[in-house]
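**Q** using only what follows, build the 3D model:
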Amino acid sequence: MAIPTNIKTLLAGDVVEWARIEFKETWDPAASLKTVCAFANDLDNWGGGYIVIGVEEENGRPIYPLKGVSIDKLDAYQKDIFAKCKLLRPAYTPIVGIETYQDKQFIILWCPGGDSRPYSSPKTMAKDNKERIHYIRKASNTVKPSDDEEKDLFNLANRVPFDDRVNHEAKECRIDVF
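**A** Residues are numbered from 1 along each chain as shown. Predicted coordinates for the structure are as follows:
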């Protein structure tokens, strides 16, 4: 599945609201995984969000000239993105795309709202960390939800009509009608 927009559109901020875009100079799992989780939770039902790797930012806006991701890091970043996203619960993987813009490479993570919300992320990347948090987006910030926001997040999961929910315990049953 392709990313539904291009990097020029994301950098301009004309189509996708700034609160739904996060610019990162490099892939930093400690910070970026929380943002992936927050976009997947999509508390406000905005369609998730985008993380653009290779763009230095100031006050949420890209700094020009753009830096990009060096070609020798593209593969390593993608492998680490997929490895770290396995730490999200339940399982969630963003759509990853490589874009070329101004002769530089960028990695774009499209994180649409997930079907299995709420998602949680480890609080830290430490191996002994057991604490998990359901991160959300508030304006352009990735934050731990308040108690009321966390209730809203769980209620989002309950909005799927009963008939549309997946029953992983179901067994095939055959009824013969004569």
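
**Q** list the residues that contact the most centrally placed residue in the chain.
**A** Here the mean C-alpha position of the chain is nearest to the C-alpha of residue 36 (CA atoms, centre = their mean), at a distance of 2.8 Å. Shown in contact with residue 36 (CB atoms under 8 Å, 6 or more residues apart in numbering): 51, 85, 88, 92, 94, 109, 111, 121. Using the backbone N, CA and C atoms, a C-beta is placed for each residue, glycine as well.

**Q** pLDDT added to these, as TSV?
**A** Below are the contacts of residue 36 laid out as TSV (pLDDT from 0 to 100):
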residue	pLDDT
51	96
85	96
88	97
92	95
94	96
109	97
111	96
121	96
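
**Q** restricted to helices, list the residues you listed.
**A** residue 85 (DSSP state H).

**Q** how many neighbouring residues does residue 119 have?
**A** 25 (other CB atoms under 10 Å).

**Q** residues touching it, list them.
**A** Residue 119 neighbours (CB under 8 Å, 6+ apart): 37, 40, 41, 88, 89, 90, 92, 134.

**Q** now, of those residues, which are buried?
**A** For the contacts of residue 119, a neighbour count by 16 or more other CB atoms under 10 Å gives the buried set as 37, 40, 41, 88, 92, 134.

**Q** which one of these is nearest to residue 175?
**A** residue 92 (36.6 Å; CB to CB).

**Q** that closest one contacts residue 114, doesn't it?
**A** Yes - with contact defined as CB atoms under 8 Å, residue 92 reaches residue 114; the gap is 5.1 Å.
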